[in-house]
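Peer 1: What follows is a predicted protein model with its sequence.
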Number of protein chains: 2
Amino acid sequence: MKRNLGAKDLMFPAPVLIVASYNEDGSANAMNVAWGGICSSNPPAAAISIRGQRKTLANINKRQAFTINIANEELMAEADYFGIVSGNNVADKVKSAGLTAVKAEHVDAPYIEEFPVALECRVLSITDIGEHKHIVGEIVNVVADEKVLDAGGKIDTALLKAIGFDPAGGNYIAASEIVGKAFSIGAVLVKK
Amino acid sequence: MKRNLGAKDLMFPAPVLIVASYNEDGSANAMNVAWGGICSSNPPAAAISIRGQRKTLANINKRQAFTINIANEELMAEADYFGIVSGNNVADKVKSAGLTAVKAEHVDAPYIEEFPVALECRVLSITDIGEHKHIVGEIVNVVADEKVLDAGGKIDTALLKAIGFDPAGGNYIAASEIVGKAFSIGAVLVKK
């Protein structure tokens, strides 16, 4: 039996993206963004949506760059802290979380050393969608910690232990247990 | 120790979105989209990115509507089938997967009865990002099966058992185990 829930911003899973940028004074800001995802493969690009009053938006407008740090189980409290505290109230938010900002090699933004994977993004466009600014960034490099790479040098999802966001319940969820092989398990349904 | 992986379309987790639309003859098409997410809260809107030669794109252009059906563990093979087979080659793809297309109440697109949650979307914009078309759809209604709702009528992530996509390894991952409370577990780091 189906039920209509109305017009709602629901997605399962949403990611937990720690978006890092430089403040005017060169300190590092970071915020927790669930509204985002990949939006292009060639060139690789990611889209994030954030509200207009965010410190991050002013920072990104100025430097035209940001990084997306993938939240994981180990740093779940720190990731959540970035969602609770505003960069408009806390100077040097990354430091105040006990974490380390490192200048990204390819863009004018910091990544957070302790998070195992970061996407270095250069702004392609910023548009309005409702009350949100929709920021598309070209991913010019992915920086990853060796401890989450497999023998072939690829990110191993079981080692990364990324978390996702459940917007219906306001929960973080585990997003690392492999349950099937893509472009493979559906082959049984293909009619010969 | 960090390593540069280069410019890559990586996201952890990406969602597994079954995008359904009507073909010209009124049969239902469906494809498997990992590049997408929520892009606005007010109005609620979702963005998906698909390649230009897709049957789905022609359908969406014509009817200005689509649904996003959330893939779950139970229907993982069917979800994968939608990623393997092209609507340009198989007529009535939803039926050929053994599933049931139902006309959505609020938009000119079908949802798939067997998937527990569907977002009914009306096109707001279609833009080019690299080789992809970036489609923003206003979510005018969410339709959910009662069996995935909690006592308060909200979607229960543990009942939904959504899956995500791991683009590094090409795997489906479980995305339903709650590991923390958002806007809560980070409070311990807030300086008094």
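Peer 2: Looks like it arrived, so ask away.

Peer 1: Helices of chain A, residue ranges please.
Peer 2: Under the criterion DSSP state H, chain A carries helices at the ranges A:55-63, A:76-84, A:93-96, A:157-160.

Peer 1: quick check: angle from the first one to helix A:76-84?
Peer 2: Direction vectors for helix A:55-63 and helix A:76-84, defined by axes from the mean of the first three to the mean of the last three C-alpha atoms, to 10 degrees, enclose an angle of 80 degrees.

Peer 1: Looking at helix A:55-63 now, give me its mean pLDDT.
Peer 2: Helix A:55-63 shows a mean pLDDT of 95.

Peer 1: Residues touching it, excluding its own?
Peer 2: Contacts with helix A:55-63, where a contact means C-beta atoms under 8 Å, 6 or more residues apart in numbering or on different chains, come from A:19, A:21-24, A:29, A:31, A:50-51, A:66, A:86-88, A:108-109, A:123, A:126, A:133, A:135. To be clear about C-beta, it is placed using only N, CA and C from the backbone, and glycine gets the same treatment.

Peer 1: what sits against the residue most central in space within chain A?
Peer 2: Centroid-nearest residue in chain A: A:Leu17, 2.2 Å away (criterion: C-alpha atoms, centre = their mean). A:Leu17 makes contact with A:Asn32, A:Val33, A:Ala34, A:Gly36, A:Ile48, A:Ile68, A:Asn69, A:Ile70, A:Ala71, according to C-beta under 8 Å, 6+ apart.

Peer 1: do the same with A:Asn29
Peer 2: By C-beta under 8 Å, 6+ apart, the neighbours of A:Asn29 are A:Ala20, A:Ser21, A:Tyr22, A:Asn23, A:Lys55, A:Thr56, A:Asn59, A:Gly87, A:Lys93, A:Val94.

Peer 1: just A:Ser176 next, same as before
Peer 2: Neighbours of A:Ser176 in contact, by C-beta under 8 Å, 6+ apart: A:Glu73, A:Thr157, A:Ala158, A:Leu160, A:Lys161, A:Ala162, B:Ile173.

Peer 1: Report the buried members of the residues you listed.
Peer 2: Buried members of these, counted by 16 or more other C-beta atoms under 10 Å in any protein chain shown: A:Glu73, A:Thr157, A:Leu160, A:Lys161, A:Ala162, B:Ile173.

Peer 1: between those residues, which is nearest A:Val148?
Peer 2: A:Leu160 (4.5 Å; C-beta to C-beta).

Peer 1: nearest residue to that closest one other than its sequence neighbours?
Peer 2: Excluding the flanking residues, the one nearest A:Leu160 by C-beta to C-beta, 6 or more residues apart in numbering or on different chains is A:Val148, at 4.5 Å.

Peer 1: likewise A:Gly130?
Peer 2: B:Ser40 (4.0 Å).

Peer 1: ok, now A:Asp9?
Peer 2: B:Pro44 (4.0 Å).

Peer 1: quick one: the one you found and B:Asn141 touch, right?
Peer 2: No - the pair B:Pro44 and B:Asn141 does not pass the contact test of C-beta atoms under 8 Å, sitting 9.6 Å apart.

Peer 1: overlap in contacts of those two?
Peer 2: With contacts taken as C-beta under 8 Å, 6+ apart, the residues that reach both B:Pro44 and B:Asn141 are A:Ala7.

Peer 1: measure stretch A:50-58 end to end?
Peer 2: Start-to-end span of stretch A:50-58 (C-alpha to C-alpha, to the nearest Å) is 11 Å.

Peer 1: Enumerate the positions of that stretch that are buried.
Peer 2: Using 16+ other C-beta under 10 Å as the test for burial, stretch A:50-58 gives A:Ile50, A:Arg54, A:Lys55, A:Thr56, A:Leu57, A:Ala58.

Peer 1: Then stretch A:84-94?
Peer 2: A:Val85, A:Gly87, A:Val90, A:Lys93, A:Val94.

Peer 1: Out of these, which comes closest to chain B?
Peer 2: Checking these against chain B with C-beta to the nearest C-beta, the nearest one is A:Val85 at 6.2 Å.

Peer 1: can you tell me how far that closest one sits from B:Asp80?
Peer 2: 40 Å (C-beta to C-beta, to the nearest Å).

Peer 1: again, but for A:Asp80
Peer 2: Relative to B:Asp80, A:Asp80 is positioned 33 Å away (criterion: C-beta to C-beta).

Peer 1: now swap in A:Ala162 and tell me
Peer 2: With distances taken as C-beta to C-beta, A:Ala162 is found 21 Å from B:Asp80.

Peer 1: Where does pLDDT dip in chain A?
Peer 2: Along chain A, segments meeting pLDDT under 70 span A:192.
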